[in-house]
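*Asks:* test case, fold it:
(one chain, ligands or ions: 1)
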Amino acid sequence: MNKVLLIGAGGVGSVVAHKCAMVPEVFGEITLASRTLSKCDDIAASVKARTGREIATAQVDADDPAQTAALIRKTGASLVINVALPYQDLTIMQACLDAGVDYLDTANYEPKDVAKFEYSWQWNLHETWLKAGRSALLGSGFDPGVTNVFTAWALKHHFDEIHTLDIIDVNGGNHGHAFATNFNPEINIREVTAECRHWEDGAFVETPPMSKHQPFTCPDGVGTYEIYRMYHEELESLVKHIPTIRRAQFWMSFSPNYLKHLEVLQNVGMTRIDPVVYQGVEIIPLQFLKAVLPNPGDLGVTTKGKTCIGNVITGVKDGQPKAIYIYNICDHEACFAEVGSQAISYTTGVPAMIGAKQMLEGKWRKPGVWNMEQYDPDGFMADLNVHGLPWQFIELTPEQAAGFVVA
Ligand code: NDP
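*Replies:* Here you go, the predicted structure:
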């Protein structure tokens, strides 16, 4: 019987716990651990009420590898699903090596004191993991995650070569608050205020944040939203592993209201991540801001609308130009009805469960440190349809692909 340890009892951790509990033939025994034990216990109660299954809970400080390794050994887990924060990636990976188990996460490592996200820290561990015979799967959320698998599936079934990749992430949901982020506010704001980088002709090109944008009409009546080009971590691994890609861009929708609040918060210094002394105490403004913003895990109750995340891909097949759009649409209210969470946590937590399932079933389990697109996409794609994130694809003309005309 497989035993797994989930670390992180936030919005995403709650979805992973519920979805793993719904697949008892793969996830035989589940322990949910986090910094705050009461949050784990609340999630365990919800899992019991919704699925009838008992899951164990524990307190852990995942910044401490020794403490984390001791917990892994105590639970007997063979796999750790890390849905804490990107700051904990390296310490949890170290704990996994010390305890001799496999590892999965949904976001690449970030140092706390500089808003820099890149794979180098984790990729540098590949040889160590190879020698240890343990397997680490990086970025098994939606983006990164499903968007990487969409690209691998497109390459396997529809293209001889991929030339352009545009990942378009639309959240058409409305949570009813003046301002809130859909996942951890600190990580979210660090991401959207970073310089934009996109891949063009063999190099990353840097442009000011939010400087390029255009309207995008989603298929199936989800609506029209303004999408902004920004940097996202899967661009780094996808252009490395699929070297025929000439241009890769990531786009995300933001409402005028979100951007207005963000601009004011930036202008007044509330998004700073350097320490500020306030009444004799050092505080980080962005961490203080997180403390006063709504908890993303609590947004499900009020959020209405849909997400639409997909890839516009162009390239050649049998010597002919070809273009496709592959996407998933997810309904916030349906997610809340199923697991008590909004769609952003859901679209991250379901792929984390499916990635873990591929590893535990031995389909995706090579020693070393791997990104999603380095594995065969078919089993994962089939599981998306079974476990709550059905996908569709359409063929586009070159003109439609160039203008992102998918509806
Ligand atoms: P939350 O802030 O809601 O939850 C994070 C959890 O981690 C909290 O329960 C927190 O504990 C816990 N935690 C933080 N530090 C530690 C520590 N040192 N030891 C143990 N537990 C700790 O975040 P989300 O659920 O929104 O996001 C979780 C992860 O998912 C993040 O890494 C995020 O970047 C990633 N993500 C990935 C996406 C994708 O598509 N790939 C999309 C969205 C998110 P406490 O409650 O005590 O603060």
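*Asks:* which residue comes closest to residue 156 once chain neighbours are left out?
*Replies:* What sits nearest to residue 156 in space, not counting adjacent residues and going by C-beta to C-beta, 6 or more residues apart in numbering, is residue 377, at 6.2 Å. (C-beta placed from N, C-alpha, C; glycine too.)
*Asks:* OK, contacts around the one you found?
*Replies:* Contacts for residue 377 (C-beta atoms under 8 Å, 6 or more residues apart in numbering) come out as 149-150, 152-153, 156.
*Asks:* just the buried subset of these, written out for ChimeraX, thanks.
*Replies:* Buried residues within those, as defined by 16 or more other C-beta atoms under 10 Å, are selected in ChimeraX through the command that follows:
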select :149,150,152,153
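*Asks:* with secondary structure and pLDDT added, can I get the contacts of residue 377 in a markdown table?
*Replies:* Written out in a markdown table, the entries for these read as follows (DSSP: H, G, I helix; E, B strand; the rest coil; pLDDT from 0 to 100):
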| residue | secondary structure | pLDDT |
| --- | --- | --- |
| 149 | helix | 99 |
| 150 | helix | 98 |
| 152 | helix | 98 |
| 153 | helix | 98 |
| 156 | helix | 98 |
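*Asks:* about what we covered before: how close does the residue nearest to residue 156 get to the ligand?
*Replies:* Here the distance between residue 377 and the ligand works out to 16 Å (C-beta to the nearest ligand atom, to the nearest Å).
*Asks:* doesn't residue 327 fall inside a strand?
*Replies:* Yes. Note on residue 327: a strand contains this position according to DSSP: H, G, I helix; E, B strand; the rest coil.
*Asks:* coming back round to it: what's the spacing between the residue nearest to residue 156 and residue 384?
*Replies:* Using C-beta to C-beta, to the nearest Å, one gets 10 Å for the distance from residue 377 to residue 384.
*Asks:* cool, and residue 145?
*Replies:* Applying C-beta to C-beta, the value for residue 145 to residue 384 is 10 Å.
*Asks:* identify the contacts common to those two.
*Replies:* With C-beta under 8 Å, 6+ apart, residue 145 and residue 384 have common neighbours residue 351.
*Asks:* higher neighbour count, those two?
*Replies:* Neighbour totals were compared for residue 145 and residue 384, and residue 145 leads with 26 against 20 (other C-beta atoms under 10 Å).
*Asks:* write out the residues of the chain neighbouring the ligand.
*Replies:* Where proximity means C-beta under 6 Å from any ligand atom, the interface of the chain facing the ligand comprises 7-13, 34-36, 39, 60-63, 83-86, 88, 106-107, 141-145, 183-184, 187, 296-297, 348.
*Asks:* which residue does the stretch 51-200 of the chain have closest to the ligand?
*Replies:* The stretch 51-200 of the chain approaches the ligand most closely through residue 141 (2.2 Å), counting by C-beta to the nearest ligand atom.
*Asks:* nearest residue to the residue of the stretch 251-400 of the chain at minimum distance from the ligand other than its sequence neighbours?
*Replies:* Distances between the stretch 251-400 of the chain and the ligand by C-beta to the nearest ligand atom are smallest at residue 348, namely 4.0 Å. Nearest-residue entry for residue 348: residue 141, 4.0 Å, with adjacent residues in sequence omitted and distances by C-beta to C-beta, 6+ apart.
*Asks:* and that neighbour, how many neighbours does it have?
*Replies:* Residue 141 is flanked by 26 other residues according to other C-beta under 10 Å.
*Asks:* okay but it is in contact with residue 15, surely?
*Replies:* No. In this structure, residue 141 is not within contact of residue 15 by C-beta atoms under 8 Å, at 10.4 Å.
*Asks:* any shared contact partners between those two?
*Replies:* Overlap between the contact sets of residue 141 and residue 15, as judged by C-beta under 8 Å, 6+ apart, is given by 348, 352.
*Asks:* mind listing the helices for the stretch 301-407 of the chain?
*Replies:* Counting by DSSP state H, counting those that start in this stretch, the stretch 301-407 of the chain has these helices, from start to end: 332-339, 343-360, 378-386, 398-403.
*Asks:* residue 227: which of the ones you listed is closest?
*Replies:* Each of these has some distance to residue 227 by C-beta to C-beta; the shortest is helix 398-403, at 12.4 Å.
*Asks:* check which helices and strands that closest one sits against.
*Replies:* Here helix 398-403 touches strand 306-317, strand 320-331, going by 3 or more C-beta pairs under 8 Å, 6 or more residues apart in numbering; DSSP states H and E.
*Asks:* so can I have JSON lines of those showing mean pLDDT and mean neighbour count?
*Replies:* Listed next are these as JSON lines, based on pLDDT from 0 to 100; neighbours: other C-beta atoms under 10 Å:
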{"stretch": "strand 306-317", "mean pLDDT": "98", "mean neighbour count": "23"}
{"stretch": "strand 320-331", "mean pLDDT": "98", "mean neighbour count": "20"}
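*Asks:* mind putting those in TSV, distance to residue 399 included?
*Replies:* Supplementary listing: the helices and strands packed on helix 398-403 in TSV, determined by distance: least, C-beta to C-beta, whole Å:
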stretch	distance to residue 399
strand 306-317	11
strand 320-331	9
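*Asks:* find the nearest non-adjacent residue to the residue of the chain at minimum distance from the ligand, please.
*Replies:* Ranking the residues of the chain by distance to the ligand (C-beta to the nearest ligand atom) places residue 10 first, at 1.8 Å. Closest residue in space to residue 10, ignoring its immediate chain neighbours: residue 297 at 5.6 Å, by C-beta to C-beta, 6+ apart.
*Asks:* all strands for the stretch 1-150 of the chain, in order.
*Replies:* With DSSP state E, counting those that start in this stretch as the criterion, the stretch 1-150 of the chain has strands at 3-7, 29-34, 56-59, 79-82, 102-105, 135-138.
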